[in-house]
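# Return a 3D structure for these sequence lines:
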Amino acid sequence: MTSHLSRVGLGLALVGLFQVSAAAMNKATQAPPLPAPQPAGQVQPAPVRVVPRTPAYLEQRIDALGKAFDGRVGIAVQSVDGGWSTGWRTDELFPQQSVSKLWVAIAALDAVDKGRVRLTDRVSLGRSDLTLFHQPIRSKILGGGHTMTLGALMQEALTKSDNTCNDKLMRSIGGAQAVRNMIGTKRLGAIRFYEGERSLQSRIAGLTWSQSYSVGNAFYAARNALPMPVRRAAFNRYVEDPFDGAAPGAMVDALARLKRGELLSPSSTARLLSIMGNTRTGPNRLKGGLKPGWSLSHKTGTGQVLGAVQAGYNDIGVLTAPNGRSYAVAVMIKRTSTPLGARMTLMNNVVRAVIQQHEISQGGRYSL
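Here you go, the predicted structure:
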């Protein structure tokens with residue numbers, strides 16, 4: 001009897017064990033439960049993006065340089081390879097002046113990459129193409145006209161900051177709107193582009209452009225003839241809300257993307273950085289802080305002066321170490337009456353700080 005009951009109990013236990021195992025297997029093969037529905041209008045939080053930590057020395061040094069400078073200055077530095085960035089007034093809009101020639105060049109090379117134009121395309125320049133201020137090409141045009149390739153226009157615009165070459169290049173690729181379209185399409189951020197040098201400089205002075213201003217001292221005479229309150233109001237309006245304004249943070253982000261090859265084809269990227277490496281203007285701005293073995297591909301910008309005050313004194317570029325690591329740097333001065341030497345020293349010191357931080361990170365020693 002006992003043996004029979006034992007066999008019955010064992011059988012019941014085995015049946016129970018089988019049922020539990022089957023249930024467990026069935027549960028394991030089921031799809032995971034769907035997430036609970038979100039209330040209407042509620043947005044799922046974006047994934048947390050880990051931002052690389054800015055080196056403490058450089059952060060503190062840039063803060064100190066920004067605070068000590070007598071004028072409204074914006075400074076930004078971004079590691080092209082490491083991704084970290086730091087700066088002073090990085091989100092404020094500063095006048096670009098000729099720094100904006102970089103966007104014309106990128107728009108032109110983007111058009112080349114898309115097959116819309118070729119750098120070997122030739123254009124003719126006449127008196128109607130002349131602008132104002134710095135335009136070394138002027139003598140050749142006044143000598144009976146001049147023909148150039150788009151590539152030569154870009155070279156002159158970037159390395160010599162020739163206003164006439166820059167405006168002609170801009171018009172040859174579709175005008176100011178084509179440049180603005182490029183800035184928007186490539187999501188370059190807080191960077192404005194106006195209507196070219198003639199319109200920009202006239203508006204800053206309180207004038208409306210007339211082609212007669214391109215000859216001799218006509219522009220200066222017309223500007224000087226304006227009542228000083230009119231000139232001052234136009235000048236101050238520009239400084240406070242520059243039509244060609246750009247944020248230093250956006251500038252270094254665009255430069256870093258350019259260096260990484262994210263804006264143009266490899267050949268166009270190499271061409272542009274090479275041309276910028278031969279810039280002749282501003283040898284004592286950012287470039288004055290270089291150490292042997294370092295290189296700089298850069299573009300300067302210099303604005304108009306009213307009294308003792310200058311609106312726009314800039315230099316931006318890609319700084320490359322001997323080991324190939326790169327840093328995007330921008331120093332933009334909105335308004336200052338500080339002597340030129342002090343401005344250049346500020347720019348030199350920003351570059352020196354970047355170099356020192358690089359050498360600290362490489363475990364090396366730094367000396368001026």
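# contacts, neighbours, all on C-alpha from now
Will do.
# Spatially nearest residue to residue 353, not counting backbone neighbours?
Distances taken as Cα to Cα, 6 or more residues apart in numbering place residue 58 nearest to residue 353, at 6.3 Å, with adjacent residues excluded.
# host element of that neighbour?
Here residue 58, judged by DSSP states H and E, is contained in helix 56-68.
# Which elements pack onto that helix?
Applying 3 or more Cα pairs under 8 Å, 6 or more residues apart in numbering; DSSP states H and E, one finds that helix 56-68 contacts strand 72-79, strand 85-88, helix 340-361.
# run the last query once more with 6 Å
For helix 56-68, the contact count by 3 or more Cα pairs under 6 Å, 6 or more residues apart in numbering; DSSP states H and E identifies no helix or strand as a packing neighbour.
# tilt between that helix and helix 340-361?
Helix 56-68 and helix 340-361 meet at an angle of 170 degrees, taking axes from the mean of the first three to the mean of the last three Cα atoms, to 10 degrees as the criterion.
# what's helix 56-68 in contact with?
86, 88 (Cα atoms under 6 Å, 6 or more residues apart in numbering).
# pLDDT of it, averaged?
For helix 56-68, mean pLDDT is 97.
# And for stretch 328-343?
96.
# Would you indicate which residues of it are buried?
328-336, 343 (16 or more other Cα atoms under 10 Å).
# Show the residue spans covered by the helices in the stretch 51-200 of the chain.
Along the stretch 51-200 of the chain, counting by DSSP state H, counting those that start in this stretch, helices occupy 56-68, 101-113, 138-142, 150-159, 163-172, 176-185, 197-205.
# how far is the fourth one from where the chain is centred?
Here helix 150-159 shows a centroid-to-chain-centroid distance of 19 Å under the convention Cα atoms, centre = their mean, to the nearest Å.
# Please apply the same query to the first one.
Per Cα atoms, centre = their mean, the displacement of helix 56-68 from the mean C-alpha position of its chain is 21 Å.
# tell me the angle that helix makes with strand 72-79.
Put simply, helix 56-68 runs at 170 degrees to strand 72-79, going by the same axes, to 10 degrees.
# Point to the residue nearest the middle of this protein.
residue 251 (2.2 Å; Cα atoms, centre = their mean).
# Let me know the secondary structure of it.
In three-state terms, and counting by DSSP: H, G, I helix; E, B strand; the rest coil, residue 251 is helix.
# Against residue 138, how distant is it?
The gap separating residue 251 from residue 138 is 30 Å, by Cα to Cα, to the nearest Å.
# Then residue 319?
32 Å.
# same question, residue 55
Separation of residue 55 from residue 138 (Cα to Cα): 47 Å.
# likewise residue 295?
Noted for residue 295: a distance of 31 Å to residue 138, by Cα to Cα.
# Who has more neighbours out of these two?
Ranked by neighbour count (other Cα atoms under 10 Å), residue 295 and residue 138 place residue 138 first, with 24 against 17.
# which ones are touching that one?
Contacts of residue 138 (Cα under 6 Å, 6+ apart): none.
# change it to 10 Å
By Cα atoms under 10 Å, 6 or more residues apart in numbering, residue 138 lies in contact with 125-127, 129-132, 145-146, 162-165, 214-215.
# Can you tell me which of the residues you listed are classed as buried?
Here, 16+ other Cα under 10 Å leaves 125, 127, 129-132, 146, 162-165, 214 buried among the contacts of residue 138.
# Closest one of the residues you listed to residue 305?
Proximity of the buried ones among the contacts of residue 138 to residue 305 (Cα to Cα) peaks at residue 132, which lies at 15.0 Å.
# Contact partners for the closest residue to the closest one other than its chain neighbours?
Leaving aside its chain neighbours, residue 132 sits nearest to residue 214 (5.3 Å; criterion: Cα to Cα, 6+ apart). The neighbours of residue 214, taking Cα under 10 Å, 6+ apart as the test, are 127-133, 138, 164, 198.
# export those residues to JSON lines and tack on pLDDT and distance to residue 303?
Listed next are the contacts of residue 214 as JSON lines, based on pLDDT from 0 to 100; distance: Cα to Cα, whole Å:
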{"residue": "127", "pLDDT": "95", "distance to residue 303": "24"}
{"residue": "128", "pLDDT": "96", "distance to residue 303": "23"}
{"residue": "129", "pLDDT": "96", "distance to residue 303": "21"}
{"residue": "130", "pLDDT": "97", "distance to residue 303": "19"}
{"residue": "131", "pLDDT": "97", "distance to residue 303": "15"}
{"residue": "132", "pLDDT": "95", "distance to residue 303": "13"}
{"residue": "133", "pLDDT": "95", "distance to residue 303": "10"}
{"residue": "138", "pLDDT": "94", "distance to residue 303": "20"}
{"residue": "164", "pLDDT": "98", "distance to residue 303": "16"}
{"residue": "198", "pLDDT": "96", "distance to residue 303": "13"}
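# Give the partner strands of the longest strand along the chain in its sheet and their orientations.
The residue-count maximum for a strand in the chain (DSSP state E) belongs to strand 326-335. With DSSP bridges as the test, strand 326-335 is paired with strand 72-79 (antiparallel), strand 313-320 (antiparallel).
# Pretty sure residue 300 sits in a strand.
Yes - under three-state DSSP, residue 300 sits within a strand.
# Look up how far residue 173 lies from it.
23 Å.
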